[in-house]
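Colleague: Pasting a predicted model and its sequence here:
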Amino acid sequence: MEPSAKYLYYPGCSLKGTGIAYEESLLTTFRLLELPIKELPDWNCCGATNYMSVSETSATLLAARNLALARQTGSRDLLAPCNACYLTLRKSQELVAHYPKIAHEVEQFLEQAGLPRLDSVRVRHVLEVLYTDVGVERLRELTVRRLQGVRMASYYGCQAVRPYGEVDDPHEPTRMDQILKAVGVDVVEYNLKTKCCGGALTGTIHDVGVRLNYILLKEAMRQGAQAIVTICPLCQFNLDAYQAEIRKQTGEPIDMPIFYLTQIVGWALGGDVRELGLHRAISGKKLIEQWFTVKKEAETYV
Amino acid sequence: MERQIRYQREADLEWAHRFTQHPGCERLLSCIQCGTCSGTCPLSIYMDITPRQVIAMVREGFRDDVLKSKTIWLCASCYACSVECPQKINITDVMYRLKREAIQNNVFPKRFPIPVLAQEFCEMVRRRGRNSEFWMVFRMALRSNPAILLSMMRTGWDLWRTGRLSMRMERIQRVNELQYIPAATKEVD
């Protein structure tokens, strides 16, 4: 096997589908930062919130297979960019660590499946890697172009910062704000930064899900934000995909681009618009064109 | 008219005790009924009983009322209540436990899409190792309320034209390894 990459990438189902722009911008950003990254071979779905709603043991076994596969590759850092994957993988580690019965079931399953026992794989989130391993100062130094005068709200979503993680402070996270400021974005105050977007509710109890996202968008607008930056494929999808419906329902002129943090950082580092998946936005297309393509000739290199 | 008052003989008094044996539910009995969970919950305004009431009812053994509630299915597992709870009760895990018990006892609200989604999701993932977003949503809609497919057409089109809608049936290579995971619907945990 080739020398193992520092970061093992666990895409999860969303980053291969609705969240494809997250994968594109993540890989581009890591390339620009010269961070070696490789996809976890034959990864399976983390189980998300659904599996946990049906069986705790099976949900833990499902997550454990990924952790065992990660161990097989020799890399220690398993990068889960999706908040739900991140939380689920972390939670399963916690369950294994604290409940001998679950640990025993996991051990048995891995043995039957011919997989190695769990070891110290670190499940990590993109935000935390950018903040801790790269650092705000280094990102500032590497920035080659800035979105002058563009105001954005940073939205962390729920599961990344909550009980099982070390992504950021669960009450008042600021790491994304710091990174965005370093790469030249004006960040507005946003008190709903960890308020849940409803996850799959937009697909199940549709009106409730859409309402939650309306509140998030409306508050960002009230704070003067022109765009929202996210770190989760489900948050991005929910905020991006239903704006036309919200406009129709409320009559409010909401048309706001919803970015991934890696799109903004990747662009600041000199990444290409298409490589960063910026063309995949549903809402706020006019602003995206204005910010990312028209200005191309006026790039300023610091 | 439906009677609002419940009698003790209708309650399952052992339930709360059994409940605290499950991972994450150990601290249930230490609830001080402060209501912080209901206050932080972004969905409590849509719930038939609030999270604070859920805890109180579990403690008093009103099993059927809790398992049949829409509340447990509206919980989006955002963990806001668990982080804020001054008694460090993992309310999200309590909700998960209730969802599982409702599914195992088949008492969830009929044609309510969320438990259907959860079951479809598990079936697909256990058989193929991955979730194919498009097909999963499609199957959920067919089983619960096909009319929601209509409301999804616009979103589907938007995703299609931006290259974000994959219709591929995803599958892992070593799907045989998954046979050792018990079928979620049959398992009692």
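Modeller: In hand now; what should we look at?
Colleague: Enumerate every residue touching B:Pro23.
Modeller: For B:Pro23, the contact set (CB atoms under 8 Å, 6 or more residues apart in numbering or on different chains) comprises A:56, A:95, A:98-99, A:102, B:93. Glycine gets a C-beta too; all of them are placed from N, C-alpha and C.
Colleague: which regions of chain A lie under the pLDDT threshold?
Modeller: Applying pLDDT under 70 to chain A picks out residues A:1-4, A:294-302.
Colleague: Break down it into its helices, ranges please.
Modeller: A:20-32, A:48-54, A:56-73, A:83-98, A:100-112, A:126-128, A:136-142, A:175-182, A:201-204, A:206-222, A:233-241, A:243-250, A:261-268, A:285-292 (DSSP state H).
Colleague: and these as JSON lines, adding distance to B:Cys122 and mean neighbour count?
Modeller: Converted to JSON lines, the helices of chain A look like this (distance: least, CB to CB, whole Å; neighbours: other CB atoms under 10 Å in any protein chain shown):
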{"stretch": "helix A:20-32", "distance to B:Cys122": "24", "mean neighbour count": "23"}
{"stretch": "helix A:48-54", "distance to B:Cys122": "5", "mean neighbour count": "27"}
{"stretch": "helix A:56-73", "distance to B:Cys122": "7", "mean neighbour count": "24"}
{"stretch": "helix A:83-98", "distance to B:Cys122": "13", "mean neighbour count": "24"}
{"stretch": "helix A:100-112", "distance to B:Cys122": "16", "mean neighbour count": "16"}
{"stretch": "helix A:126-128", "distance to B:Cys122": "27", "mean neighbour count": "24"}
{"stretch": "helix A:136-142", "distance to B:Cys122": "40", "mean neighbour count": "15"}
{"stretch": "helix A:175-182", "distance to B:Cys122": "32", "mean neighbour count": "22"}
{"stretch": "helix A:201-204", "distance to B:Cys122": "15", "mean neighbour count": "25"}
{"stretch": "helix A:206-222", "distance to B:Cys122": "21", "mean neighbour count": "20"}
{"stretch": "helix A:233-241", "distance to B:Cys122": "18", "mean neighbour count": "27"}
{"stretch": "helix A:243-250", "distance to B:Cys122": "29", "mean neighbour count": "16"}
{"stretch": "helix A:261-268", "distance to B:Cys122": "30", "mean neighbour count": "28"}
{"stretch": "helix A:285-292", "distance to B:Cys122": "37", "mean neighbour count": "16"}
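Colleague: And chain B, what are its domain boundaries?
Modeller: Using automatic domain parsing, the domain parsing of chain B gives B:8-104, B:113-179.
Colleague: Give me the pLDDT value at the residue sitting furthest away from the middle of chain B.
Modeller: Residue farthest from the centre of chain B, counting by CA atoms, centre = their mean, is B:Arg161 at 32.4 Å. The confidence metric pLDDT takes the value 94 at B:Arg161.
Colleague: just the one 4 residues further on next, same as before
Modeller: With respect to pLDDT, B:Leu165 has a value of 92.
Colleague: who's in contact with the residue of chain A positioned farthest from its centre?
Modeller: Largest separation from the mean C-alpha position in chain A: A:Gln112, at 33.0 Å (CA atoms, centre = their mean). Applying CB under 8 Å, 6+ apart to A:Gln112 gives the contacts B:Tyr180.
Colleague: For chain B, give me the ranges with low pLDDT.
Modeller: Applying pLDDT under 70 to chain B flags the ranges B:4-5, B:184-189.
Colleague: All the helices of it, residue numbers only.
Modeller: Going by DSSP H, chain B shows helices at B:15-19, B:36-40, B:51-60, B:63-67, B:71-74, B:80-84, B:91-104, B:113-128, B:133-144, B:148-151, B:153-161.
Colleague: What residues does the stretch 201-302 of chain A have near chain B?
Modeller: Residues of the stretch 201-302 of chain A lying close to chain B by CB under 8 Å from any CB of the partner chain are A:201, A:203-206, A:208, A:212, A:241-242, A:244-245, A:279-282.
Colleague: Which one of those residues is nearest to B:Met169?
Modeller: Among those, A:Gly203 lies closest to B:Met169 (CB to CB), at 18.7 Å.
Colleague: quick one, what contacts that closest one?
Modeller: Going by CB under 8 Å, 6+ apart, A:Gly203 touches A:209, B:113, B:117, B:137, B:140, B:148, B:152.
Colleague: Let me have those residues in TSV, adding distance to A:Leu61 as columns.
Modeller: Formatted as TSV, those follow (distance: CB to CB, whole Å):
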residue	distance to A:Leu61
A:Gly209	30
B:Pro113	26
B:Leu117	21
B:Val137	25
B:Met140	23
B:Ile148	31
B:Met152	32
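Colleague: In PyMOL, select just the buried ones from those residues.
Modeller: To isolate the buried members of those in PyMOL, using 16 or more other CB atoms under 10 Å in any protein chain shown:
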select buried, (chain A and resi 209) or (chain B and resi 113+117+137+140+148+152)
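Colleague: Let me have the helices of chain B in TSV, adding distance to chain A as columns.
Modeller: Formatted as TSV, the helices of chain B follow (distance: least, CB to the nearest CB, whole Å):
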stretch	distance to chain A
helix B:15-19	13
helix B:36-40	9
helix B:51-60	13
helix B:63-67	13
helix B:71-74	7
helix B:80-84	5
helix B:91-104	4
helix B:113-128	4
helix B:133-144	5
helix B:148-151	6
helix B:153-161	5
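Colleague: can you tell which of those is closest to A:Lys195?
Modeller: When the helices of chain B are compared by CB to CB, helix B:80-84 sits nearest A:Lys195, at 7.8 Å.
Colleague: Run through who's touching the closest one.
Modeller: Helix B:80-84 is contacted from outside by A:158, A:162-163, A:170-171, A:194-196, B:36-38, B:40-42, B:51, B:89-93, using CB under 8 Å, 6+ apart.
Colleague: if you set the cut-off to 6 Å instead, what comes out?
Modeller: A:162-163, A:170, B:36-37, B:40-41, B:51, B:90-92 (CB atoms under 6 Å, 6 or more residues apart in numbering or on different chains).
Colleague: Now for B:Leu74, how many residues are close by?
Modeller: B:Leu74: 23 surrounding residues under other CB atoms under 10 Å in any protein chain shown.
Colleague: My read is that it contacts B:Leu43, right?
Modeller: Yes: counting by CB atoms under 6 Å, B:Leu74 does reach B:Leu43; the two are 4.8 Å apart.
Colleague: ok, B:Tyr143 - contacts?
Modeller: Not Tyr; residue B:143 is Arg. B:Val116.
Colleague: how many other residues sit next to B:Tyr180?
Modeller: For B:Tyr180, the count of nearby residues is 16 (other CB under 10 Å).
Colleague: Return the residues in contact with it.
Modeller: A:109, A:112-113.
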